[in-house]
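In: no sequence for this one, just the structure:
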């Protein structure tokens, strides 16, 4: 379904991605974890060509993103991305946010687009907020709208950039459920996160990205890392309290 | 009869004769603001996304006009442009040309700031859903940019109206000039005609500010919350 | 419509015209410099009036700014030159009238009043832009109220205010050309003088225009550089922790 073949990316002399290889089937959920600055977001952005790669190749359904004469807009409409800060269009209502790409890219009639949008909003129980502007939506609602905006385009691949970072811990389970329900729709998903517990609870394949190198791990390794991190966190808290005493 | 000088300062000879006084200031400010905006949008776009040469030309045009004093620009349009092109230009038209050039340069910068203040995340999100470049521009950048630039545009409109006071130096009989004439003809009314000049600018300026403020509030989508 | 004008640069090289231009440049700088200084003083006074806790200071200053920001600079210039001496007592008025440099003084005062209104607005916004959080943070560190202002709040406000102030100064520099309407012998006046004496104003005006553009661009780029430097010298938390003096002692 989606294949990354030794993808390399260099930004101003620094290797961000180093020969990253990944292959994913429909319905699979890949969780990519790694420390801040390890290139997670860059990797995600290469998959719908928001970032151009320097070497390697990316294929979706056997078609390379870098084929000559590929329709970039059509491609992007098949690859949905949910941004970290949702990036809803702030001058449009929740409903208009969802219908805009349906009307402009898929060329649906306005009526049909609204029907599709309200149907999906119902599934994510946000249809009562349809006429609200993004600034007045809560963090969880924004994210659900952003997910619906991508989902309405009936994508083959969904990408999530740090979906839990802007949410409080109660909403984390909800995001996890949403992602799992998308997997049932036969959508391949790649989720970038540094929340390891969330990753274990949500995904069915796990990867660590470190200094631009991607390695597949199993859930237990991640869980270990997670406890390891708690230890380190406790350490750093201890250190900083010493600093205060100085 | 005794209030002739006041109507002279407000509307000149209008409606029977040529308009003058405050009417000229308002008319010029409005028309030059609109004309300036029409030129400003392509200028801003060229500066933001034009090629190397066209971008440079737009930048040079904007910077030159922004750093030339308005009064000097007026002299260019009134005394020197006729020498260059060999056609005499009536004072009102040279004032119109100068103010239009001036307002197009300033507004180009306002438009540019408005367009570039649209969050890049939203532009990316729009591209990511498959909208083409021109669709992103029409559906996201223009509507948001226009709203974001209203405060700056409104305050520029106020200052443009204020700047129309300078056009009297090329002989347009605007509020300034007619006030000076009135003061000269009745020396005992000097103070009052100066006060009328100041009041004319202040009152119209405040009205423009108020309109801008109302417009700003109306377009401000973040505050527009539809109650459930 | 074709270009028929032939440039004759020898005109501005002739010494009487050259002197007009040189004096013009000097006067332009004098007007711009003194009116900017004076306008900053006026701005500080009005801004502190508007920010003061005393009600009787606040509303006159606010009302003044509300009205004065709509009055054109050229009006102030004409007002101070023609009307102001008339409303003074006769003896004082005639002294001003007969004084040769009165036009220069009137121009400087008028521009200061015009610019001062804007400066006061900029300063007030700068102070208001310091969030209450920053104020509380300074207080909670145990700084006295004088230390709060000197160490934290004023430097912060300066950083906010400086770009706008630089912009106003460029504007004020360009506005100095308005003083020609009362016969101050500054640069724009000089170009018109040369035009009326020699009918060769194009060369002089071109030189003057280039002068204004160059000075504005130089000042603009200097202020831009300064702004960048002020913004880049912010410490990040990492810098502070890496400083050796702050590291945890081993004893």
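Out: In hand now; what should we look at? Being a predicted model, the structure only gives us computed values, none of them experimental. Residues are numbered from 1 along each chain as shown, chains lettered A, B, ... in the order given.
In: ok, now how distant is residue B:39 from residue B:97?
Out: Noted for residue B:39: a distance of 12 Å to residue B:97, by CB to CB, to the nearest Å. C-betas here are computed from N, CA, C, even on glycine.
In: and the next element down the chain from the strand or helix carrying residue C:127?
Out: Per DSSP states H and E, residue C:127 falls inside helix C:102-129. Sequence order places helix C:132-140 as the next helix or strand after helix C:102-129, per DSSP H and E.
In: does that following helix come close to chain A?
Out: No. Against chain A, helix C:132-140 shows no contacts by CB under 8 Å from any CB of the partner chain, the least distance being 13.8 Å.
In: spatially speaking, which residue is in the middle of chain C?
Out: Nearest to the geometric centre of chain C sits residue C:169, at 3.2 Å (CA atoms, centre = their mean).
In: report how many residues lie close to the closest residue to that residue other than its chain neighbours.
Out: Using CB to CB, 6 or more residues apart in numbering or on different chains and skipping the chain neighbours, the partner closest in space to residue C:169 is residue C:36 (5.4 Å). Counted with other CB atoms under 10 Å in any protein chain shown, the neighbours of residue C:36 add up to 21.
In: is residue C:36 in contact with residue C:114, as I believe?
Out: No. Contact criterion CB atoms under 8 Å: residue C:36 and residue C:114 do not qualify, at 11.4 Å.
In: can you pull out the strands in chain A?
Out: With DSSP state E as the criterion, chain A has strands at A:2-11, A:14-24, A:29-33, A:55-60, A:63-64, A:79-82, A:157-161, A:188-192, A:205-210, A:213-217.
In: any chance of these in TSV, plus mean pLDDT?
Out: Putting the strands of chain A into TSV (pLDDT from 0 to 100) gives the following:
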stretch	mean pLDDT
strand A:2-11	89
strand A:14-24	89
strand A:29-33	91
strand A:55-60	89
strand A:63-64	86
strand A:79-82	90
strand A:157-161	92
strand A:188-192	93
strand A:205-210	89
strand A:213-217	88
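In: mind putting the ones you listed into CSV with mean neighbour count?
Out: Shown next, in CSV, are the strands of chain A (neighbours: other CB atoms under 10 Å in any protein chain shown):
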stretch, mean neighbour count
strand A:2-11, 17
strand A:14-24, 18
strand A:29-33, 25
strand A:55-60, 16
strand A:63-64, 12
strand A:79-82, 26
strand A:157-161, 24
strand A:188-192, 26
strand A:205-210, 19
strand A:213-217, 15
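In: out of the ones you listed, nearest to residue A:175?
Out: Closest to residue A:175 of those is strand A:157-161 (CB to CB; 8.2 Å).
In: got a list of contacts for that closest one?
Out: The contact list for strand A:157-161 (CB atoms under 8 Å, 6 or more residues apart in numbering or on different chains) reads A:1-2, A:41, A:44, A:47-48, A:60, A:78-84, A:150-151, A:179, A:182, A:187-193.
In: now swap in stretch A:92-101 and tell me
Out: Contacts of stretch A:92-101 (CB under 8 Å, 6+ apart): A:77, A:88-89, A:110, A:113-114, A:117-118, A:120-121, A:126, A:129-134, A:137, A:141, A:145, A:148-149, A:152-153, B:126, B:129-131, B:139, B:226.
In: quick one: which of those sit in helices?
Out: Among those, DSSP state H puts A:77, A:110, A:113-114, A:117-118, A:120-121, A:141, A:145, A:148-149, B:126 in helices.
In: can you say which helix or strand has the residue nearest to the spatial centre of chain B in it?
Out: Centroid-nearest residue in chain B, with CA atoms, centre = their mean: residue B:33, separated by 3.3 Å. Residue B:33 is located in helix B:22-49, with elements delineated by DSSP H and E.
In: buried residues in the next helix-or-strand element following that helix?
Out: Going down the chain from helix B:22-49, the next helix or strand is helix B:52-67, by DSSP H and E. Neighbour counts using 16 or more other CB atoms under 10 Å in any protein chain shown place B:58, B:61-67 of helix B:52-67 among the buried residues.
In: same question, stretch A:99-118
Out: Neighbour-count burial for stretch A:99-118, with 16+ other CB under 10 Å as criterion, is recorded at A:99-106, A:108, A:113-114, A:116-118.
In: and that stretch, end to end?
Out: For stretch A:99-118, the first-to-last residue distance is 10 Å (CA to CA, to the nearest Å).
In: same question, stretch A:188-198
Out: Length of stretch A:188-198, first residue to last, CA to CA: 18 Å.
In: check the offset of it from the chain's centre.
Out: 8 Å (CA atoms, centre = their mean, to the nearest Å).
In: is it anywhere near chain B?
Out: No. Using CB under 8 Å from any CB, stretch A:188-198 stays clear of chain B, coming no nearer than 13.8 Å.
In: what's across from the residue nearest the centre of chain A in the sheet?
Out: The geometric centre of chain A, computed from its C-alpha atoms, lies nearest to residue A:160 (CA atoms, centre = their mean), at 0.8 Å. Residue A:160 has the following beta-bridge partners by DSSP bridges: residue A:82, residue A:191.
In: and for residue C:193, the neighbour number?
Out: Around residue C:193 there are 19 other residues, counting by other CB under 10 Å.
In: residue A:93 versus that one, what's the distance?
Out: 63 Å.
In: list the buried residues of the top helix by length along chain B.
Out: Scanning chain B for the longest helix, with DSSP H as the assignment, gives helix B:190-219. By 16+ other CB under 10 Å, the buried positions in helix B:190-219 come out as B:190, B:193-194, B:196-198, B:200-202, B:204-205, B:208-209, B:212, B:219.
In: for the residue in chain B positioned nearest to chain A, give me its contacts.
Out: Nearest residue of chain B to chain A (CB to the nearest CB) works out as residue B:130 at 3.1 Å. Contacts for residue B:130 (CB under 8 Å, 6+ apart) come out as A:73-78, A:101, A:105, A:153.
In: just the buried ones from the residues you listed, in PyMOL syntax?
Out: Buried residues among the contacts of residue B:130 (16+ other CB under 10 Å), as a PyMOL selection:
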select buried, chain A and resi 73+75+76+77+101+105+153
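In: tell me which two of the contacts of residue B:130 sit farthest apart.
Out: Spatially, the most separated pair among the contacts of residue B:130 is A:75 and A:101, at 13.6 Å (CB to CB).
In: so which of the ones in helices among the contacts of stretch A:92-101 comes closest to residue A:197?
Out: Of all those, residue A:141 has the smallest distance to residue A:197: 23.5 Å, by CB to CB.
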